[in-house]
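Chemist: Could you look at this predicted model? Sequence included:
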Amino acid sequence: MSRALLKVENLSVDFGPVSNPIRVLNDVSFSVGRGQAVGLVGESGSGKSITSLSILRLVPEPPGHIAAGRVEFDGCDLLKLPRNKMPEIRGRDIAMIFQEPMSSLNPVMAIGDQIGEAIKLHRALDSSRRRERVIELLKLVGMPDPVSRLGSYPHQFSGGMRQRVMIAMALACDPKLLIADEPTTALDVTIQAQVLELMKKIRSEVNSSILLISHDLGVIADICDRVVVMYAGRVVEDGDVKSIFRTPKHPYTQGLLQAVPRLADDRERLYQIAGSVPAAGSIKQGCPFFARCSLRQNRCQEQMPPMFQFGSEHSAACWVTAEEEVS
Amino acid sequence: MTALPSTRLTSAPDSRTLFVIKTVFLGNPVTMVAALVIFIFICVAILAPLIAPYDPLAQSYLTINIYPSAEHWLGTDQFGRDVLSRLIYGSRNSLIFGITAPFLAAIIGTTLGVTAGYFGGLVDRLVTRLIDLLLAFPELLLAIIIMAALGGGFWNIIVVLTIAFVPGFARVARASTLAVKQEPYVEAAISVGVRTPTIIIRHIVPNIAAPIVVLMTLWVASAIRLEAALSFLGIGTRPPHPSWGNIIRDGLNNIFGSPWPIIGAGLAITVVVLSFNLIGDAVRDVLDPEGGE
């Protein structure tokens, strides 16, 4: 694998007052290779969105505060860049697609202008060339009749179409990395499938790396090469799609996979992981998954397990499965 | 206004402004009348020298305290000045102050409010305190205080009215900015690299424009009232120049000689203020989707 495009190392993010901060991201490390699609999975509240926002330094400060770590993008630590350099990176090198297509577009701006704005910021194109580029982008995302839609306003589009506009906006300057924060969550199932097809097409045509955040394992399996599983602000498992889905090592990942409904299944009730995600900052020591874990041992409560390697591309933070592997 | 939501969805976007204007003015017969009244009032103010039958300042011993007649439609006052002509010229003052002051206040207040709301922190605290300080005084009292310090005169009246209205705009702009700032589209714009000034001008301000415009329309009426009140108290427009406020004041000393100045000016103020308020309400109903229906 060539050198990683994005390398997040030991990222920690605090929220709340400086005197008594609550750690919402703890020592998060993972990387995204060039042209790779990486999925970031976890329940609500596991820190997926904060991770993605931290990469672009969009975490609201205050109350947020990036406490430690590095976000190395293309060899440059984004967290060390002066604040006024960030707008140059955003949109040009790293672009983001948000969760709510219904409200992620400015209601009083025509979509052509909104996509054009992103181009204008980073490319020196005159207005007619910009217009051509906008039309080209709308075609790429599968907008029917793009020329006549340039002057349309967001309220004239359905959720799926708005998401396409959002994607066009994100792709405006051929970003090297596209962060998609649950791009399909708010959409109908059929539209979800279309947007996923679109994401795959983007991968092959635009050749961007993708960081896909989702709690839908099916979506991740469909698109991604690697999966990073997060729980309570920590990375608990990291590996290529095959190993994660065939031989999950962390009991949390195992639980997540068991909870996925299957067509050929005649269980009446779906599997569920007992309990819920602990409140941020409530776990002071030991494994954050301890309270809900089926394999827990005394040791887990006392010491946070490090990431153990299971094969070259696969690692997980669990004492128990790591010991089984050795023995 | 039951047809409103569907019409809004289907109407072509570039005609939205036109659509708002149409709905405001043609939606309701009462509003139409109000709009007509204001249109006539504006025409009268602009064409005052052409349509006023007499010089509003010309005095004459021969025509003191005349009742309405064919020569003097609204009679004359104790100096023999034609009341109708004075009302016509007085409308110019009301119009200029009534429109300029809310407009200037909207610009200044919105700038302050958006800055405070968007940046928060120390700026926000300073602006909010300033607004609270100004809001602590009733508009008229504040106006009297400033007039006492600055003295009368055209620009001073504008300054006074503007200062009296700034805090209201700033407060609304700040509150709306706080709400709009949280919208995902603002975050989305930041995430494609839009810088702060552009965010404010292109993404925040257009989205908070509706309540500001509503406030502006409603306060035109207040500004007219306030100018009349100041002139009535003798610290607004100075005699002998006519203003509806000082026409009433002059008339008060001579109420048994000729009640016509008071009746005429009082009616003019009532009708115009009422019309502006009705239009303000109509604009609010159209622009504020949650308020009306």
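Modeler: Right, received. Where do you want to start?

Chemist: need the contact list for the nearest residue to residue B:258 once chain neighbours are set aside.
Modeler: The spatially closest residue to residue B:258, leaving aside those adjacent along the chain, is residue B:65, at 4.3 Å (Cβ to Cβ, 6 or more residues apart in numbering or on different chains). Using the backbone N, CA and C atoms, a C-beta is placed for each residue, glycine as well. When contacts are counted by Cβ atoms under 8 Å, 6 or more residues apart in numbering or on different chains, residue B:65 is found next to B:75-78, B:254, B:257-258.

Chemist: Residue A:317 too?
Modeler: A:234-237, A:250, A:287, A:304-308.

Chemist: What of residue A:121?
Modeler: By Cβ under 8 Å, 6+ apart, residue A:121 lies in contact with A:87, A:91-92, B:192-194.

Chemist: Any stretches of the stretch 201-327 of chain A with poor pLDDT?
Modeler: The model of the stretch 201-327 of chain A has pLDDT under 70 over residues A:265, A:326-327.

Chemist: would you list every one of the helices in it?
Modeler: For the stretch 201-327 of chain A, the helices defined by DSSP state H, counting those that start in this stretch cover A:217-223, A:241-246, A:251-258, A:298-302, A:319-326.

Chemist: I'd like the ones you listed written out as TSV, with distance to residue A:43 and mean neighbour count added.
Modeler: Shown next, in TSV, are the helices of the stretch 201-327 of chain A (distance: least, Cβ to Cβ, whole Å; neighbours: other Cβ atoms under 10 Å in any protein chain shown):
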stretch	distance to residue A:43	mean neighbour count
helix A:217-223	12	19
helix A:241-246	16	18
helix A:251-258	8	20
helix A:298-302	19	13
helix A:319-326	20	16
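
Chemist: Which one of those lies nearest to chain B?
Modeler: For chain B, the closest of these is helix A:217-223, at 20.4 Å, according to Cβ to the nearest Cβ.

Chemist: Does the closest one pack against any helices or strands, and if so which?
Modeler: Here helix A:217-223 touches strand A:37-41, helix A:189-205, strand A:209-214, helix A:241-246, going by 3 or more Cβ pairs under 8 Å, 6 or more residues apart in numbering or on different chains; DSSP states H and E.

Chemist: any chance of those in JSON lines, plus distance to residue A:180?
Modeler: Shown next, in JSON lines, are those (distance: least, Cβ to Cβ, whole Å):
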{"stretch": "strand A:37-41", "distance to residue A:180": "9"}
{"stretch": "helix A:189-205", "distance to residue A:180": "7"}
{"stretch": "strand A:209-214", "distance to residue A:180": "5"}
{"stretch": "helix A:241-246", "distance to residue A:180": "16"}
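
Chemist: These: which one's closest to residue B:232?
Modeler: helix A:189-205 (64.3 Å; Cβ to Cβ).

Chemist: List the contacts of residue 250.
Modeler: If you meant another chain, say so; for now it's chain A. A:229, A:236-237, A:289, A:316-318, A:321.

Chemist: The chain in question should be chain B.
Modeler: The contact partners of residue B:250, taken as Cβ under 8 Å, 6+ apart, are B:77-78, B:239, B:261.

Chemist: which stretch of helix or strand covers it?
Modeler: For residue B:250, the enclosing helix or strand under DSSP states H and E is helix B:244-252.

Chemist: How about the stretch 51-200 of chain A: which residue is closest to chain B?
Modeler: Closest point on the stretch 51-200 of chain A to chain B, by Cβ to the nearest Cβ, is residue A:91, at 3.5 Å.

Chemist: Show me the helices in the stretch 151-293 of chain B, by range?
Modeler: B:154-181, B:184-191, B:196-198, B:205-232, B:244-252, B:260-287.

Chemist: Make a markdown table out of the ones you listed and add distance to residue B:96 and mean pLDDT.
Modeler: A markdown table is the format used below for those (distance: least, Cβ to Cβ, whole Å; pLDDT from 0 to 100):
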| stretch | distance to residue B:96 | mean pLDDT |
| --- | --- | --- |
| helix B:154-181 | 8 | 90 |
| helix B:184-191 | 38 | 87 |
| helix B:196-198 | 33 | 88 |
| helix B:205-232 | 9 | 87 |
| helix B:244-252 | 12 | 87 |
| helix B:260-287 | 13 | 88 |
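
Chemist: Which among those helices is found nearest to residue A:136?
Modeler: helix B:184-191 (20.6 Å).
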